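Student: just coords:
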């Protein structure tokens, strides 16, 4: 699989399946691991980084899950292709900027991947569609077991897995959900609820995680503590808090329907009309309009498009995906034109596909 192939197919975690997928876009679990025989990445020589990458790739070849995965050396990729990987949540912005002996090992459905020589020697990751942290944990645990058969990890009986950043010492586990909370935003309850989240040891971040802004009312909720809790306790805590967030969001949406039904329905239908007809769309504008449409689908105000299509557009309308699609660099104004055209075309095609499915169910056509 080439990176160009990857950029033109839809990742499995965007398919709209899984529990509460109308509200929870995805669940991700990541493990930080380092090889015992080598210094951390920031202190390793070029030769050592090369050897770490070679050992990681050999270990991946012997993994049931990663055996047929593709490796992309980020130092050999264009800036656009590196950013495509960031936009697909496969690599971090830090890895996109790094050079030499660094890259990503990823299986073709993009559920499972390993960043090599980012902050730690290995960042083992899985992403599942919907609210499925237990499934994500089970899969990343299998990957970790596979790799540990060939690699000796840096581990302390006292501290657990040793990592470049002290906040990851212990289990090395980061678990997160990407959740859509427009009800809490519109009812002005978001700040109070997220303060409560931080008070129980979790943190709310933006669409791309640490250091990123919140767009489209999408929040990444993740654990902060990796020391003193085992993996199941960490996953269980995230699940419990996420269920509470879902409950708060559902109550906020009920409040909106009680107190401002016509305003909310107008916001939803107006957003859909703009997306179906706009000739210019900025990335931020698309995400905010798509948020209203996603809310409308979840609240049964509208039936089309489906969640899968919105998830797809959430990624494919990002700047580097648009430039990869166009086959050239585009300035912001050119991207806005192309983004609007692609959204119109996909929504129109999605409506036709939805109508065909409806005809199949009713026996018409």
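Tutor: On my side now, so go ahead. All of these numbers come straight from a predicted model, not from anything done at the bench. Numbering: from 1, shown residues only.

Student: helices of the stretch 151-300 of the chain, start to end?
Tutor: Assigned by DSSP state H, counting those that start in this stretch, the helices in the stretch 151-300 of the chain fall at 182-186, 190-199, 231-277, 283-298.

Student: so which of those helices comes closest to residue 56?
Tutor: Nearest of those to residue 56, taken as C-beta to C-beta: helix 231-277 at 21.4 Å. Glycine gets a C-beta too; all of them are placed from N, C-alpha and C.

Student: can you count the residues close to residue 42?
Tutor: 7 (other C-beta atoms under 10 Å).

Student: in contact with it, which residues?
Tutor: 119, 164 (C-beta atoms under 8 Å, 6 or more residues apart in numbering).

Student: so how far is residue 168 from it?
Tutor: Plainly put, residue 42 is 14 Å away from residue 168 if you go by C-beta to C-beta, to the nearest Å.

Student: picking that back up, now render the helices of the stretch 151-300 of the chain as CSV, adding distance to residue 133, mean neighbour count and mean pLDDT.
Tutor: Putting the helices of the stretch 151-300 of the chain into CSV (distance: least, C-beta to C-beta, whole Å; neighbours: other C-beta atoms under 10 Å; pLDDT from 0 to 100) gives the following:
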stretch, distance to residue 133, mean neighbour count, mean pLDDT
helix 182-186, 20, 22, 98
helix 190-199, 15, 14, 95
helix 231-277, 5, 16, 97
helix 283-298, 20, 21, 97
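
Student: now those in TSV, with distance to residue 318?
Tutor: Shown next, in TSV, are the helices of the stretch 151-300 of the chain (distance: least, C-beta to C-beta, whole Å):
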stretch	distance to residue 318
helix 182-186	20
helix 190-199	24
helix 231-277	16
helix 283-298	7
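
Student: out of those helices, which comes closest to residue 55?
Tutor: helix 231-277 (24.2 Å).

Student: can you give me the strands in the stretch 1-150 of the chain?
Tutor: 24-33, 70-73, 103-106, 112-116, 122-129 (DSSP state E, counting those that start in this stretch).

Student: okay if I get the ones you listed as a markdown table plus distance to residue 156, mean pLDDT and mean neighbour count?
Tutor: Output for the strands of the stretch 1-150 of the chain, formatted as a markdown table (distance: least, C-beta to C-beta, whole Å; pLDDT from 0 to 100; neighbours: other C-beta atoms under 10 Å):
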| stretch | distance to residue 156 | mean pLDDT | mean neighbour count |
| --- | --- | --- | --- |
| strand 24-33 | 13 | 98 | 26 |
| strand 70-73 | 30 | 95 | 16 |
| strand 103-106 | 26 | 96 | 25 |
| strand 112-116 | 22 | 98 | 27 |
| strand 122-129 | 17 | 98 | 26 |
